[in-house]
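kindly return the folded structure for what I paste below:
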Amino acid sequence: MGEITGFKKYGRENFKNQTISERIKHWNEFTLITEGEELKHQAARCMDCGVPFCHFGCPLNNIIPEWNDLVYKGHWKLALEKLLKTNNFPEFTGRICPAPCENSCTLSINNEPVTIKNIELSIIEKGYDEGWIKPQIPSIRSGKKVAIIGSGPAGLAAADQLNKSGHLVTVFEKEPVIGGLLTLGIPEFKLEKSIVDRKVNLMEEEGIIFNVNSFVGEDINIIKLKEKFDAIVLSGGAKKARDLQIEGRHLKNIHFAVDFLSEQNMVLKGLKSETEKIISAKGKNVVVLGGGDTGSDCVGTAIRQGAKSVINYELLPKPPKERAVNNPWPQWAFIERSSTSYDEGCKRNFGILTKKFTGKNGIVEQLHAVQVEFSKPDPDTGRRTMREIEGTEFQIDVDLVVLALGFQVSSKDKLLSDMGIELDSHGNIKTDAHHMTNVDGIFAAGDMRRGQSLIVWAINEGREAAKFVDRYLIKKTKL
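Okay, here's the model as predicted:
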């Protein structure tokens, strides 16, 4: 490494953010990306640790120590080449990945980890700024045609890889825009849609065909599609929101997070006017149920829409501030985390079970809940039982409830039933070790195959599926 004891000299410095009072007035990204001497110092913190456990944490097998060293030495273009060898979309992961690599950084055993995610983002943005990123059009085409169903990160990764291998790739997306949840699910303040468009436009220049408003299974018959293409990759994602089947769920102003977030993104994208919005937090007392990343996104969105108040309820107990004994490094640390959205003026409460909703004239007015506690994990199964705490029942006034309880693949998808595609015990598409379904020539990747997961796992899935599709088509692969 360039500065072998850099981790002793320099402390961790995160990118600076706009102040809360500034950033909640607009929808744009508010993180200030740097690439100067300060970032060089951050790259210098990468140790010569022998075994780089950051590789253990990263599903993409990013060559992290190498590009950290290259950044330290000022060899940015080489760092970019190293980064793009394993990650098709560092402009996305550098913004919205939770950085499991940093959890596994050797420094994080007893110190703050290297700012891997920030360095990654700086590398890719410098690549665009310097004009190093240009269309890479394959010199030879195989003549084989591949259909990608779904344009989220898994579908885009598969398309990018297969196009690089010379195949003719067409992506079918049922929404009016490309990107899946990258475009319609992730708020603008975390990932500006111009960043997604920039990459999609580049992929188009490289020869990939994108068809929007193309709902395979509804508008397009997959059986006929299979006759036209040599292989198909199913990467539609998990967009079926988990519901809360309790008394009063039918009342108005109780919405799924995906609807709340996508509608706001459609307004910002110009696909819907502000007056056409059905869901708005402006002037309302808002409760977001679910304390994960999606819940956080809903909190930040509600605040920018002008909510009167925002409360977040999470069923699970508050995580510890430090790793538990049974959660050692280099595993993902199940510890208390905040987010920029939670810091913007939201009250968070853990261990809250929503019991029912009440209201008048068909409109929600109150949320009724109780505090709960969990037993210690069962030594055999690891499961914990939940118990309501007597005397902790309460109710609050609410004007808007957003359900951010996670997503799952729809087992009733006509696309799957038409082809007789088998599902596993979790309701996900069942595949063999080569990502192929029970139907020859049809592969699966991403949430449809492994369930809801992180963007880095989605990209990993797309890359892996592309490798096996490539081998299926031409009996070999360099992917």
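
next up, the contacts around the closest residue to N326 other than its chain neighbours.
In space, and not counting its chain neighbours, N326 is closest to P377: 7.9 Å by CB to CB, 6 or more residues apart in numbering. In this view, the C-beta of every residue, glycine as well, is placed from N, C-alpha and C. P377 is in contact with N326, R383, R384, counting by CB atoms under 8 Å, 6 or more residues apart in numbering.

distance of P377 from I63?
With distances defined as CB to CB, to the nearest Å, the gap from P377 to I63 amounts to 36 Å.

what of E344?
Noted for E344: a distance of 36 Å to I63, by CB to CB.

and for A302?
From A302 over to I63 the distance is 40 Å, taken as CB to CB.

these two: which is more packed in?
Just comparing A302 and I63: by other CB atoms under 10 Å the higher neighbour count belongs to A302, 30 against 19.

these two touch, right, that one and I279?
No. Contact between A302 and I279 fails when scored by CB atoms under 8 Å: they sit 9.9 Å apart.

name the residues contacting each of the two.
Any residue near both A302 and I279 by CB under 8 Å, 6+ apart counts here, and that gives L400.

tally of neighbours for the nearest residue to E38 once chain neighbours are set aside?
Distances taken as CB to CB, 6+ apart place E13 nearest to E38, at 6.0 Å, with adjacent residues excluded. Here the count is done by other CB under 10 Å, and E13 has 15 residues near it.

give me the secondary structure label for E13.
Under the three-state scheme (DSSP: H, G, I helix; E, B strand; the rest coil), E13 adopts coil.

how close does it sit to F334?
Between E13 and F334 the computed distance is 26 Å (CB to CB).

pull stretch 256-267 out as PDB, backbone CA atoms only.
As requested, C-alpha coordinates have been extracted for stretch 256-267 and formatted as PDB (Å, rounded to 0.1, in the frame of the first residue of the first chain):
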ATOM      1  CA  PHE A 256     -47.800   1.300   0.500                       C
ATOM      2  CA  ALA A 257     -44.300   2.800   0.500                       C
ATOM      3  CA  VAL A 258     -43.700   1.900  -3.100                       C
ATOM      4  CA  ASP A 259     -46.800   3.900  -4.200                       C
ATOM      5  CA  PHE A 260     -45.800   6.900  -2.100                       C
ATOM      6  CA  LEU A 261     -42.300   7.000  -3.300                       C
ATOM      7  CA  SER A 262     -42.900   6.100  -7.000                       C
ATOM      8  CA  GLU A 263     -45.600   8.800  -7.300                       C
ATOM      9  CA  GLN A 264     -43.300  11.500  -6.100                       C
ATOM     10  CA  ASN A 265     -40.500  10.300  -8.400                       C
ATOM     11  CA  MET A 266     -43.000  10.300 -11.300                       C
ATOM     12  CA  VAL A 267     -43.800  14.000 -10.500                       C
END
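
for it, buried residues please.
Within stretch 256-267, the residues that qualify as buried by neighbour count (16 or more other CB atoms under 10 Å) are F256, A257, V258, F260, L261, S262, E263, Q264, N265, M266, V267.

how about the contacts made by the residue of the chain positioned farthest from its centre?
With CA atoms, centre = their mean as the measure, the chain has its most outlying C-alpha, relative to the mean C-alpha position, at G391: 38.6 Å. By CB under 8 Å, 6+ apart, the contact set of G391 is empty.

check contacts around L107.
F7, R45, M47, P113, V114.

my read: the last one touches D69, true?
No. Under the criterion of CB under 8 Å, V114 is not in contact with D69, lying 11.4 Å apart.

identify the contacts common to these two.
Residues touching both V114 and D69 by CB under 8 Å, 6+ apart: A43, C46.

for K190, give its distance to E29.
Look at K190 and E29: by CB to CB, they are 7 Å apart.

so which elements touch the lowest-mean-pLDDT helix or strand in the chain?
Averaged element by element with mean pLDDT, DSSP states H and E, the chain has its least confident helix or strand at strand 407-408 (a mean of 78). Other helices and strands packing on strand 407-408, by 3 or more CB pairs under 8 Å, 6 or more residues apart in numbering; DSSP states H and E, are strand 240-241.

which residues does S151 contact?
When the contact criterion is CB under 8 Å, 6+ apart, the partners of S151 are A159, V171, F172, E173, I178, G179, G180, F210.

list just the nearest of the residues you listed to G152.
Each of these was checked against G152 using CB to CB; the closest is G180, at 2.8 Å.

buried residues in the longest strand anywhere in the chain?
Determined from DSSP state E, the single longest strand within the chain is strand 363-374. For strand 363-374, a neighbour-count test (16+ other CB under 10 Å) marks V364, E365, Q366, L367, H368, A369, V370, Q371, V372 as buried.

also stretch 170-184?
Burial within stretch 170-184, assessed by neighbour count using 16+ other CB under 10 Å, is assigned to 170-175, 177-184.

out of the residues you listed, which sit inside helices?
Taking DSSP state H as the definition of helices, the buried residues of stretch 170-184 contribute L181, L182, T183, L184.

okay but the third one is in contact with V177, surely?
It stands for T183. Yes. Counting by CB under 8 Å, a contact exists between T183 and V177, whose distance comes to 5.0 Å.

shared neighbours of the two, anything?
When contacts are counted by CB under 8 Å, 6+ apart, T183 and V177 have K269 as shared neighbours.

returning to what we had before: pick out the lowest-pLDDT one from the ones in helices among the buried residues of stretch 170-184.
Least confident entry in these, by pLDDT: L181, with 91.
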